[in-house]
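> how does the following fold in three dimensions:
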Amino acid sequence: MIFDLESVLRDLCDKYGPIITIRIFSTITIFIASPSLAHQALIQNGAAFNYRPGPVTPSCIMDNSNSDIGSSSGNRWRFLRRNLTSEVLTPSRYKSFGHTRKWVFQTLDTLLKSHVESGEPVPVIDHFRYAMFCLLLFVCFGEKLDEKVIREIENMEREKMANYKRFIVFILFPKLGKFIFRKRWLQMQEMRRQQKSILLPLIKSRRERKEQIKQENRDENFVAYIDALFDLEIKEEGGRKVGDEEVMILIMEVLDAGSDTTSTMLQWIMANLVKDQKIQENLYSEIDGVVDKEEDDDEIREEDLPKMKYLRAVILEGLRLHPPSHYSLPHTVVEDIVLNGEYLIPKNAMVNFMVATMGRDPKAWKDSMEFKPERHLGDEGEVIDITGSKEIKMIPFSAGRRICPGLGLGLLHLEFFVANMIRNYKWVPVEGDELDMSEKQELTAVMKTPLRAHVFPRRTIN
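Next up is the predicted model:
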């Protein structure tokens, strides 16, 4: 029997109200389903909800530490987040990754062409995951890694994500968990050893290369995220440098946050476009009308993406109906907080926000379980703020001070890859396959039955 926590929580919210409290021994876990209460907590009381209850991200749970951005709090969190946003997540840096996105799409396009030639269905999520790892590993390490290494890292990440729910017990029982769930603990430790054996040699190699470039007084055209990590000095700890294992966890955080979420989101969007051919053709018509007919490039220019309003609506609707994570990473408070004058959030409670429930709220969205990109166009679309700063209707990237810093880059990747795939190919269902839109919870909410589709070229592609 599979225990569906989300359905149980929704039923409890319908019966008892927008906040549900569950106590497991001494741990108090609170789930908030109300958009207005989430806005009070994350925006109006953002400073109070700015903390994490220790390790909450996959790599930090495995390491039993809180040394990455998502799991840290206080000055350390601000320091690490500032480094990430200034070195990787700025508009100028987005632009510098342009050649990398082009290379990754060419890699993906080659895979799709092979299915055109063979007539075999595309195993969509497999190709999307590989493409996202190619992209993020280049951003992190500043170079194209061998396919064998990329596949090893991808397989390692998939095992970690698939087991994330099983490892959550080590958040609830940080001291006793390793004894109560001994077999699970040993499995996690083996995965940790594998992680080190693959990533630490890459980190060491990049560090040596960086030192060599420095000694030779040479400039490098592309500065990777790892280079910025090598230069970090933790002032609160005497200005010490960040060690290789800490670098590994911070690199893994980027892979955790950007690979599975983006590939999962791409699959959900493409599944809806395969399911509704009219929406797919509407999107293609917009793309075809925006792209310069005289341009013979295989990829859409990124400066054309903002002109595609229907494309943005398709992406937003995918994020509303199928947010990659149905819950935000847990928050905590360091003092008692009262919301709406009646709901007490006790000190040290673990607070979770039900992201999918809010985005599918029938009180906020007409036909809330239908995929309708048009709802994000016109007057209604103009007032929807996915950051939640004005009001919360959908927060696929969370909201407030802990909002995902990669929001802008994530949207760019979704728009870029969806636009190029629809421009180049018509995606149709596999005859005899019933499109299954049901979900399965891992770290992200994946398709229970992975999407397969046939692709047919829309134009002559070099």
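
> got the buried residues for stretch 110-121?
112, 115, 121 (16 or more other CB atoms under 10 Å). To be clear about C-beta, it is placed using only N, CA and C from the backbone, and glycine gets the same treatment.

> out of those residues, who's nearest residue 317?
Taking CB to CB as the measure, residue 317 sits nearest to residue 112 out of those, at 23.6 Å.

> please tell me how far the closest one sits from residue 426.
For residue 112, the distance to residue 426 equals 12 Å [CB to CB, to the nearest Å].

> next, give phi and psi for residue 90.
Backbone torsions for residue 90, taken as degrees, to the nearest 10, come to phi -130, psi 150.

> I'd like the numbering to begin with 30 instead of 1 from here.
I'll keep to 30 as the first residue from here, and by that count the last item is residue 119.

> what's the neighbour count on it?
By other CB atoms under 10 Å, the residues close to residue 119 number 13.

> show me the helices in the stretch 380-491 of the chain, by range?
Secondary structure of the stretch 380-491 of the chain (DSSP state H, counting those that start in this stretch): helices located at 384-388, 407-411, 436-453.

> the first one - contacts with which helices or strands?
Just to be clear, that refers to helix 384-388. helix 34-45, helix 338-350 (3 or more CB pairs under 8 Å, 6 or more residues apart in numbering; DSSP states H and E).

> the stretch 30-179 of the chain: strands as residue ranges?
With strands called from DSSP state E, counting those that start in this stretch, the stretch 30-179 of the chain shows them at 48-53, 56-61, 151-152.

> rounded mean pLDDT for the last one, please.
This points to strand 151-152. Summarised as a single mean, pLDDT over strand 151-152 is 97.

> where does the protein have its least confident helix or strand?
When each helix and strand of the chain is scored by mean pLDDT, DSSP states H and E, helix 407-411 comes last, with a mean of 58.

> need the helices for the stretch 30-179 of the chain, in chain order.
Shown for the stretch 30-179 of the chain, the helices assigned by DSSP H, counting those that start in this stretch span residues 34-45, 64-68, 87-92, 103-116, 120-125, 127-147, 153-170, 176-191.

> can you name every helix or strand that the last one contacts?
With contacts defined as 3+ CB pairs under 8 Å, 6+ apart, helix 176-191 has these neighbours: helix 87-92, helix 153-170, helix 211-244.

> likewise the fourth one?
The helices and strands touching helix 103-116, judged by 3+ CB pairs under 8 Å, 6+ apart, are helix 254-259.

> next secondary structure after the helix it packs on?
For helix 254-259, the succeeding helix or strand toward the C-terminus, using DSSP states H and E, is strand 262-263.

> number of nearby residues for the closest residue to residue 297 other than its chain neighbours?
Counting by CB to CB, 6 or more residues apart in numbering, residue 297 lies nearest to residue 351, which is 3.9 Å off, once chain neighbours are set aside. Neighbour count of residue 351, defined by other CB under 10 Å: 26.

> and residue 351, how far from residue 384?
Using CB to CB, residue 351 is found at 11 Å from residue 384.

> before we move on, back to that, can I get the strands of the stretch 30-179 of the chain in a markdown table including mean neighbour count and distance to residue 176?
Converted to a markdown table, the strands of the stretch 30-179 of the chain look like this (neighbours: other CB atoms under 10 Å; distance: least, CB to CB, whole Å):
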| stretch | mean neighbour count | distance to residue 176 |
| --- | --- | --- |
| strand 48-53 | 15 | 44 |
| strand 56-61 | 20 | 42 |
| strand 151-152 | 18 | 17 |
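
> looking at those, which is nearest to residue 118?
Closest of these to residue 118 is strand 56-61, at 27.1 Å (criterion: CB to CB).

> please, where are all the strands along the stretch 280-429 of the chain?
With DSSP E, counting those that start in this stretch as the criterion, the stretch 280-429 of the chain has strands spanning 360-361, 366-368, 372-374, 379-382.

> residue 73: which of these is closest?
Closest of these to residue 73 is strand 366-368, at 9.0 Å (criterion: CB to CB).

> okay, which residue is most central for the protein?
residue 290 (3.2 Å; CA atoms, centre = their mean).

> burial count for the spatially closest residue to that one that is not a sequence neighbour?
Spatially, and ignoring its direct neighbours in sequence, residue 290 is nearest to residue 353 (3.9 Å; CB to CB, 6+ apart). Residue 353: 23 surrounding residues under other CB under 10 Å.
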